[in-house]
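Novice: Predicted model and sequence below, questions to follow.
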Amino acid sequence: MALPAAERKALRQLAADFKNRRVLVVGDVMLDRYIRGSVSRISPEAPVPVVRVTHQTLVPGGAGNVCANLASLGATVDLMAVVGSDDAGTSLASELSSRRVLTGNLVADGDRVTSQKCRVVAERQQVVRYDLESSGHLSASTEREILSRLPRAIAEARAVILSDYGKGVISPKILAAAIKLARRRGIPVTVDPKIEHFKRYKGVTCITPNLHEAWSGMRLVPKPGDDEIEKLGRAILKTLRSDSVLITRSADGMSLFEKSGRISHIPTKAREVFDVTGAGDTVVATLTLALACGAAIKRAAEISNYAAGIVVGKLGTAVTTVEELQEAIA
């Protein structure tokens with residue numbers, strides 16, 4: 001069902017208002033490294049292809065992709081995260097800066113490595129992926145450094161995103177401090193959740209799990225049907241005492257649950273689906289940016305749904321722009 005013309009006009013204006021809204025992203029950042037080449041023979045050392053490397057691409061991943069989405073939509077983006085004192089950390093900072101992401105709150109920890117996902121791609125086929133990462137708890141000194149920087153960073157922001165990939169930055173102390181400071185300032189705080197930490201995110205403005213994360217985070221067995229999903233959404237609201245829950249449902253769109261009791265099922269806007277990689281980052285980025293502009297949660301969910309519909313129609317981890325968003329809404 002198409003939105004009324006007046007609502008589409010309001011959404012286009014909302015997208016125009018995104019420019020220069022300052023959003024703080026706190027979370028786990030990583031470097032996605034794509035090593036591309038061709039294969040013409042099998043190794044004599046083992047039954048594996050020999051990839052002749054032709055080029056390499058570096059892309060910010062994890063919370064970095066949330067930042068890239070925000071920046072592409074015109075926001076001023078401040079990232080607070082932890083990297084290693086290594087070449088990958090330097091490369092990641094450079095890639096973020098090239099996308100107009102502020103990196104002054106990137107904390108370097110010499111006892112950690114910068115998390116990397118390294119994909120070797122021959123022609124269009126991924127041959128192997130290898131990961132380098134630190135996923136344990138932050139050291140006490142690094143956690144204190146993050147906590148000491150949070151008050152000023154949140155004081156300068158219009159909204160906060162907590163991007164939890166389970167690498168250690170969203171610790172219980174940092175999570176509690178960020179939520180408390182954002183709530184005290186009266187600005188929205190949203191969470192892109194990690195299943196294992198699901199029940200920690202109490203008191204946020206909105207949590208944005210996909211359907212699998214929602215069932216698993218609540219330790220429930222998935223059940224079919226909208227009625228069961230509505231029970232699930234209400235259970236999450238009650239457990240987390242959040243203002244709202246936005247469950248993304250792939251081809252079935254989104255379901256928004258508000259503490260007022262209102263439930264909205266939003267059909268997908270995707271025309272073609274090529275790749276869902278990073279779509280959750282697009283949703284939380286666009287939703288939060290809309291909330292930073294003062295939009296009601298329903299309207300924020302609607303515009304994030306349009307944004308998701310755009311990026312899943314692109315290959316690879318993708319972002320969208322205000323111009324693309326306004327054209328899709330029209």
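Specialist: It's in.
Novice: could you pull out the helices for the stretch 51-200 of the chain?
Specialist: 63-72, 87-98, 140-155, 172-185 (DSSP state H, counting those that start in this stretch).
Novice: Just send those back as TSV, with mean neighbour count and distance to residue 26 too.
Specialist: Yep, even glycine has a C-beta here, placed from its N, CA and C like the rest. Converted to TSV, the helices of the stretch 51-200 of the chain look like this (neighbours: other Cβ atoms under 10 Å; distance: least, Cβ to Cβ, whole Å):
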stretch	mean neighbour count	distance to residue 26
helix 63-72	28	8
helix 87-98	18	14
helix 140-155	16	8
helix 172-185	17	6
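Novice: Make JSON lines from these and add distance to residue 247 and mean pLDDT to it.
Specialist: What follows is the helices of the stretch 51-200 of the chain, written out as JSON lines (distance: least, Cβ to Cβ, whole Å; pLDDT from 0 to 100):
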{"stretch": "helix 63-72", "distance to residue 247": "18", "mean pLDDT": "96"}
{"stretch": "helix 87-98", "distance to residue 247": "29", "mean pLDDT": "97"}
{"stretch": "helix 140-155", "distance to residue 247": "27", "mean pLDDT": "98"}
{"stretch": "helix 172-185", "distance to residue 247": "20", "mean pLDDT": "97"}
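Novice: closest to residue 2 out of those helices?
Specialist: helix 63-72 (25.4 Å; Cβ to Cβ).
Novice: what's next to stretch 246-257, contact-wise?
Specialist: Stretch 246-257 has contacts (Cβ atoms under 8 Å, 6 or more residues apart in numbering) with 206-211, 214, 226, 229-230, 232-234, 236-237, 244-245, 262-270, 273, 276, 279-280, 283, 287, 297-298, 301, 304-305, 308.
Novice: Distance-wise, check the nearest residue to residue 104 once chain neighbours are set aside relative to residue 24.
Specialist: Spatial nearest neighbour of residue 104, excluding adjacent residues (Cβ to Cβ, 6 or more residues apart in numbering): residue 78 at 7.6 Å. Per Cβ to Cβ, to the nearest Å, residue 78 is found 5 Å from residue 24.
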